[in-house]
Each structure stands twice: as structure tokens, then as C-alpha cells.
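Q: My questions concern the predicted model and sequence given below.
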Amino acid sequence: MIEVIKVAKHFETVTGRLRRVKSQVEALKEVSFTAADGEVTGLLGPNGAGKTTLLRILAGVIRADSGSVRIDGHDIEREGAAARRQLGLLGDAKGLYPRLSARENIEYFAKLQGLPDQLAAERSQQLIERLGMSKIADRPALGFSQGERMKTAVARALVHDPQTILLDEPTNGLDILATRAMRGLIQDLRQSGKCVMFSSHLMQEVAALCDRILIIHGGQVVAAGTPSDLLAQSGCDQLEDAFVKLLGTEEGLFG
Amino acid sequence: MIATILTVFRKEFTELRRDRKSLIALAIIIITSGPLMIGILAFAAHAQKDKLSRIELPVVNGASAPALLAFLQRQGVETSNAGADYRRQVANGELAAVLLIPEDFSSQIQQGRAAGVTLLIDSSRDRFNPTQRVLQRLLKAYGEAWGRDRLLLRGLAPVVAQPLEVGEMDLATPAQSASSAGMLIAFYALFTGLMGSLAAALELTAGERERQSLEPLIALPVSPLAIAAGKWLAASAYNLCAVVGSIAGYYITMNLVPLPDSGIAFRFGLPEAAGFLAVLTPFAALVPAALLLAGSTGRSVKEAQASITVLLTLAGLMPLASILRFAKEPDWLVWVPINGQYLLLGKVLRGDTVMGTEWLAAWLVPLLGSILCVWGLSQLLAKEKLLSSR
């Protein structure tokens, strides 16, 4: 379960070579929401809306300026280790270690999560089978395709059986088969009672998978609710139309 | 914490071990800085010695001074008649020296005057300097012997004309004079310790960031300090392999390869190898710590290379201060990283005793430096500004 209360974050950007001019960018302005266990929460928003920043704050990779984040009751700032143990993160950065095999990549994260060697090996094997990676499991990650890299990164994020799972555009760059497999995995995770939150650009994906949708734009939550709530709020028949209407502007998509 | 450090260490070392390109680069560094360098040094010394054992001296108008030529020949100098363009040959560096004897040499002698001979040299030709010194010494000795004979003929003791006798006593033992050549070896041993972990440090910091694998790593419930320590241990182990490899290279080249006789009593036996290892082991851990810290200041490998280049340039300049020294090194120099190591390696090679405080400096300074750098690395690893951003 994720509880977010009034989280705000700004970044400083510096321009100019000799005269350094600082300016501030408001990435998130007091965002609040709750994502429940056994549900899939979709994070929807145009490019630059703050989706990745929000997921990074939830994972404790960067710190919020104000507000609080609780993962399964643990504050990400004050009880960082406990909160992180409940978290599985497939972030924007999905880099693997090229000279390690898929299995070694997964087991490395399992061991860093504190799993004993035996359990780390068992869990890795289970995920390798579940994600259909047996053929590539012992090959170095250097020559992996986009889909193989994504599978390895997902397995790495799930190896310690986390209760809360954050996925940043998990189907980005995947082919149809791999996308279907990923959607199947997300549904399985929901059925086993996990709290899954994922960000996406793809309307159909969000419509097909999500129990609840959170639309953010310009660093703020502009709408939240079930898909039918959003349709009712906007008075549209299609989720895509509802999305555009709720953003308030068509240009927002490229803003 | 310790389990995490060991996990990170094992994984990083495995990855470094599997990087073929870096391993080949490392092997090249070890071979060039060790065996090849000693080989070149031995051949150069051998050639120098060869040059001194056979000195050729073209003479102009040699017939005027047969006794002088006979003296020089007895001393092993091969005299010959100088060609017409001897000036050009000396200026071009084809001849070490030419002896000019004036036409009126014998008549001057007969009249009891001092006869002038000229040794034509070009002192800017460094490689001829030892030969030129030998010739000057021989000519001076000839003149002095002659003067003594004249005094004796007049019934005077030669000491009358030589109230001050200048003797020379060289305090450098054979081992000590050989060590000036050995200082080059010390320099290259340090060089291996500096360069051995360069690729590894870039790979473990900026490489990790550029590959986008750092963010998932710091989202784990592990402390950045443990990650930093594990990375440092892996880079240090890698660097230590390079240093051990180069010391083994020196040992094998000096003891097992038949080098030409260089005439300098230079030894690199087991005691010297052990001394080198004792001085360079802590150093081999300090360098990667500093390189990792410098490497983690950049968002990409390219940015990190800029900081590392500055660091290595400064580090490379430090032993120069010792090489070009004009006075004896102050005692505190042993507490300065790089210069301290250089000083101690020199002592080991000269066979001097390294004192307790010097060993303390050689271990304590790198240890504290490493701890500081690893702490700094842990602070930089998780720094928001430096996180991968596309």
C-alpha cells in the first residue's frame, strides 16, 4: 500500500557557461493519493508531467522537499530500509550489468535485498521460469534484446517478493508478445494481493489493466478514480477523450 | 553491512575480471612498466660501459708529441690521425673529442715552456661526457707526472709544487650508485599502482551511472557506504594484482633473464620485492579510492575522465619534485602520498633501513585517505544531481 500526502519537489536548473543562471522548475506540487493492495493503479500523464519524479520519490531514490510517503506503513524517509524492503522498483533507469548473466544480475539484487544464497537462487530460478527466460538465463546481458533486458529488470525488481511494486513504463519498447506477457504478469501480481502502480502513455493498456487511474499534469493530480469514475467526471464515452478533457488542453499532451 | 560489502565486492570483481579489453590493457602496463623498462636500462648501461672501455681519440699533428701518444695508448686509448674535417665531426657528434697538438710542441718543451694542447669537444653531447671526462683526466695526469719528474731532476720534492692534495672519497656504495638507475624502477612501480585501477574506477562509478544501473542499486535497502566500500575493495584488489604482477616482472627480469653485464651492482632480489610489496600494497588501495571519488563526480564516463585526468596529472607531477630535488628530502616528505612511497621505494632499493615511523606513514596515510575517499564516494553515489538523467 502506498500513501502519499502533499508531496512537493522542485529541481534547480543552471544555464550559461560563464554566468551561471539558476532557475527553479516545479516538478511536483503537493501531490496526494493512496494506492491500495490488490489493485493496479495507473499513473497517466503527458511527457514531463512528473510521473518519473513521483515514482523516484516513492522508491526513495530522491527526496521530496515536503510531504510524506508511506510504503506499507513505513515512512520512506524515517524507516527507509523497512520501506524499501517492501518495494520492487522497475524505474526509468533499467540498466543491467553487461558482463553478468541474467541469472547473476537477478541474484545480485536478491543478495543485496538480504536473501540468503540458497533462497536467492531459488527465487531467481522461479522468476526465470515464470518470465520464460530459461534460454537466456546464463548468457551475458551484453547482447540482450530490449525485451530480454526488460524481463531481466522485472525479475530483478520482484526477486525479493515485494508487497508494493512500482513500474515506470514497463511495456515501453516491447513487442506485442512481450507486452502481453507483461500485462499477464501485472494481473497475476494483482491477484496475489500486491499493490501495483505503473506509469504509461498507452490509454488501452491503462484501460485494460487499471482498477484506479491517477492523471497528473504539470506536477499536480488533475483527476483520480476508477475508469468509469473518470468517464463520468468528464462526460465522455472513451477514456482517451476523457484524458484530454481532464487535462484541460489538447496541447497539454506535448507540454 | 559486511555481507553487503562482500556481495558488492564479489560482483564487481567478477565483472572486472570478465572485461577482456581492460585486462589486456593492464597486462600491457605491467609488461612495459616492468621487464621492458629494466631491459632497456640494462642495455643502456651496458652500452655506456662498452663505450668507456674502448676510447678512440683522433689526434692532429700527433708526430710532434710521440711520448704523450705513447702514454695515452698505454692507458688504453686508441689514437689515430684526425681527418681534415674533424671540427665538423665533433660538432655533429660523430667524434667524442679530438686532440690538437701545436706544430711547435717539441720546440716549446725544449725551451722549457709550457706546451699547450687542446682537447676539442662539444660538451652539449651528453652521451660523450663520460669519455670526455676520462680524456681530460688522463691529460691532466700526464702533465702532473711530467712536472713531478722535472722537479725530481732539479732535486726538489714534488710536494713543493703541490701543497694541496685533493683526494676523492665517494661515499656511495656500489649498491647506492646503482640505485640512481633503480629510482627509475621505483617511478615505474608507482606508475603501475597509479594506472592499474584507472579503467576499473571509471567502470565502477561513471560506467555504472551511464549504464543506468546505479538508480536501481541505490533504491535497495542497503547503505551507500556499503556499496562504496565494496566497489573500493574490488578496485583495490584489481590494482593490487597489477602491482604484484609488475613486482614479479621486476624480479623475474632481474634474476632469471640473462641481461648483459651493465657494470652497476643492482639487485632486485626477494628482500627488495618484499619491501616493494609492503610499500605499494597500501598505496594500491589508496589510488582506487581517490580515482573512484573523482570518477563519481561525473554523470558520464566522459565527464568522469575529465576529473580523473586532472587527478592523475597532479599525481604524476609529484615524484618529479623528488627527482629534481636540490636538497636532501625533508623528513616529513614520507607523510606525503606518492612522494613518501617514492622515497621509501628508493630506500628499499638502496638497502637502507626503513624506520618504524616510515612504515607507519606508508600504511596510515593511505588508510586514512582511503577511508575519507570511500566516505566521499558514498555521499556522491546517491547524490540527486548526479543521478542518471536522460
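A: Thanks, I have the structure now. Residues are numbered from 1 along each chain as shown, chains lettered A, B, ... in the order given.
Q: what residues are up against residue B:215?
A: A:56, A:61, A:91-93, A:95, B:387-388 (Cβ atoms under 8 Å, 6 or more residues apart in numbering or on different chains). C-beta coordinates here come from the backbone N, C-alpha and C atoms, glycine included.
Q: burial of residue B:380, as a residue count?
A: Counted by other Cβ atoms under 10 Å in any protein chain shown, the residues lying close to residue B:380 total 20.
Q: which two from the contacts of residue B:215 end up farthest apart in space?
A: Comparing all pairs in those by Cβ to Cβ, the longest separation belongs to A:56 and A:95, at 14.9 Å.
Q: Residue B:103: what's it in contact with?
A: Counted by Cβ under 8 Å, 6+ apart, residue B:103 has contacts B:61, B:64.
Q: One more pass at 10 Å, please.
A: By Cβ atoms under 10 Å, 6 or more residues apart in numbering or on different chains, the contact set of residue B:103 is B:60-61, B:64.
Q: circling back: can you list which of the contacts of residue B:215 are found in helices?
A: Here DSSP state H is the test, and those give residue A:56 as lying in helices.
Q: can you list the contacts of residue B:215 in JSON lines and add pLDDT?
A: Shown next, in JSON lines, are the contacts of residue B:215 (pLDDT from 0 to 100):
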{"residue": "A:56", "pLDDT": "91"}
{"residue": "A:61", "pLDDT": "89"}
{"residue": "A:91", "pLDDT": "85"}
{"residue": "A:92", "pLDDT": "84"}
{"residue": "A:93", "pLDDT": "84"}
{"residue": "A:95", "pLDDT": "90"}
{"residue": "B:387", "pLDDT": "71"}
{"residue": "B:388", "pLDDT": "49"}
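Q: Using the three-state scheme, assign residue A:216.
A: Three-state assignment for residue A:216 (DSSP: H, G, I helix; E, B strand; the rest coil): strand.
Q: Wait, it touches residue A:223, no?
A: Yes: using Cβ atoms under 10 Å, residue A:216 is in contact with residue A:223, at 9.0 Å.
Q: re the thing from before, just the buried ones from the contacts of residue B:103?
A: Neighbour-count burial within the contacts of residue B:103 applies to B:60, B:64; the criterion is 16 or more other Cβ atoms under 10 Å in any protein chain shown.
Q: Chain A: which of the contacts of residue B:103 is nearest?
A: Nearest to chain A out of the contacts of residue B:103 is residue B:60 (Cβ to the nearest Cβ; 68.1 Å).
Q: could you pull out the strands for the stretch 251-390 of chain B?
A: All residues of the stretch 251-390 of chain B lie outside strands when identified by DSSP state E, counting those that start in this stretch.
Q: quick one: low-confidence parts of it?
A: Scanning the stretch 251-390 of chain B for pLDDT under 70 picks out B:258-266, B:322-328, B:388-390.
Q: which one of residue A:56 and residue A:95 has more residues nearby?
A: Taking neighbours as other Cβ under 10 Å, residue A:56 and residue A:95 compare with residue A:56 leading, 25 against 22.
Q: So what does the residue lying closest to the more buried one once chain neighbours are set aside look like in phi/psi?
A: Once flanking residues are discounted, residue A:56 sits nearest to residue A:62: 4.8 Å by Cβ to Cβ, 6 or more residues apart in numbering or on different chains. Main-chain torsions, residue A:62, degrees, to the nearest 10: phi -120, psi 160.
Q: Residue B:109 contacts residue B:117, doesn't it?
A: No: using Cβ under 10 Å, residue B:109 is not in contact with residue B:117, being 11.1 Å away.
Q: who touches both of those two?
A: B:64-65.
Q: just for the stretch 1-150 of chain B, where's the confidence low?
A: By pLDDT under 70, the weakly predicted segments of the stretch 1-150 of chain B are B:33, B:48-52.
Q: Apply 80 and report the result again.
A: Residue ranges of the stretch 1-150 of chain B with pLDDT under 80: B:29, B:32-54, B:112-115, B:125-127, B:129-130.
Q: Do a quick rundown of the helices in it.
A: B:2-17, B:20-31, B:37-53, B:66-74, B:86-91, B:105-110, B:129-153 (DSSP state H, counting those that start in this stretch).
Q: Starting from residue B:319, give me the distance back to the residue nearest in space to the middle of chain A.
A: Against the mean C-alpha coordinate of chain A, by Cα atoms, centre = their mean, the closest residue is residue A:167 at 2.5 Å. Noted for residue A:167: a distance of 53 Å to residue B:319, by Cβ to Cβ, to the nearest Å.
Q: Which pLDDT value goes with residue 174?
A: You didn't say which chain, so I picked chain A. Predicted confidence (pLDDT) at residue A:174: the value is 83.
Q: actually chain B
A: Listed pLDDT for residue B:174 reads 49.
Q: Just the pLDDT for the residue in the stretch 51-200 of chain B that chain A sits nearest to.
A: The minimum distance from the stretch 51-200 of chain B to chain A, using Cβ to the nearest Cβ, falls at residue B:200 (12.5 Å). The model reports residue B:200 with a pLDDT of 89.
Q: three-state assignment of it?
A: What three-state DSSP gives for residue B:200 is helix.
Q: got the contact list for it?
A: When contacts are counted by Cβ under 10 Å, 6+ apart, residue B:200 touches B:12-13, B:15-16, B:19, B:22, B:26, B:207, B:231, B:234-239, B:242, B:288, B:291-292, B:295.
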